[in-house]
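# Sharing a sequence plus its predicted fold:
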Amino acid sequence: MSVKASWDIFCAVVDNFGDIGVTWRLARQLVAEHGQRVRLWVDDLETFARLCPAASANAEQQMHQGVEVRRWPREWPGAEPADVVIERSPANCHGLI
């Protein structure tokens with residue numbers, strides 16, 4: 001991938017590490033292997049913090065391994081959408097962006 005794009009990846013944690021594990025790996029690979037800008041929106045930061053010990057379950061926004069990790073709030077914070085949006089089922093981000 002030669003074009004540097006921004007990515008929003010939405011993850012609703014349903015089964016502990018399955019959903020967040022897949023999206024976290026994808027986010028890290030996009031950054032490390034393809035030089036992309038990635039924002040990972042997670043609805044359950046406690047589970048994410050168990051997967052990534054450097055993460056804080058209480059931080060609204062944090063950076064880990066080049067990925068911007070943000071709490072996915074019930075009310076959309078008005079952030080500009082990225083060039084590419086991925087919704088990890090059943091995230092249901094329809095209407096947010």
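Sure, I can see it.
# Tell me if I'm right that residue 55 and residue 49 touch.
Yes: contact between residue 55 and residue 49 holds when scored by CB atoms under 8 Å: they sit 4.4 Å apart. Yep, even glycine has a C-beta here, placed from its N, CA and C like the rest.
# chain center to the least confident helix or strand in the chain by mean pLDDT: distance?
Scoring the helices and strands of the chain by mean pLDDT, DSSP states H and E places strand 84-88 at the bottom, with a mean of 90. Centroid separation between strand 84-88 and its chain, computed with CA atoms, centre = their mean, to the nearest Å, is 9 Å.
# For residue 75, grab the count of nearby residues.
6 (other CB atoms under 10 Å).
# And the helices in this structure?
Assigned by DSSP state H, the helices in the chain fall at 17-34, 45-51.
# Out of the ones you listed, the one nearest residue 63 is which?
helix 17-34 (10.3 Å; CB to CB).
# same question for the closest one, mean pLDDT?
Across helix 17-34, the average pLDDT comes to 95.
# quick one: buried residues of that helix?
Judged by neighbour count (16 or more other CB atoms under 10 Å), helix 17-34 contains these buried residues: 19-21, 23-24, 26-28, 30-31.
# List just the nearest of those to residue 71.
residue 20 (12.9 Å).
# ok, now how distant is that closest one from residue 43?
Distance, residue 20 to residue 43, by CB to CB, to the nearest Å: 9 Å.
# Quickly list what the spatially most central residue of the chain is bridged to.
Centrality entry for the chain: nearest residue to the mean C-alpha point is residue 40, 1.3 Å, by CA atoms, centre = their mean. As for beta bridges, residue 40 partners with residue 9, residue 69 under DSSP bridges.
# remind me which residues of this structure are low pLDDT?
The chain contains residues with pLDDT under 70 at 1-2, 89-97.
# How many neighbouring residues does the residue nearest to residue 60 when sequence neighbours are not counted have?
Distances taken as CB to CB, 6 or more residues apart in numbering place residue 71 nearest to residue 60, at 4.9 Å, with adjacent residues excluded. Using other CB under 10 Å, residue 71 has 17 neighbouring residues.
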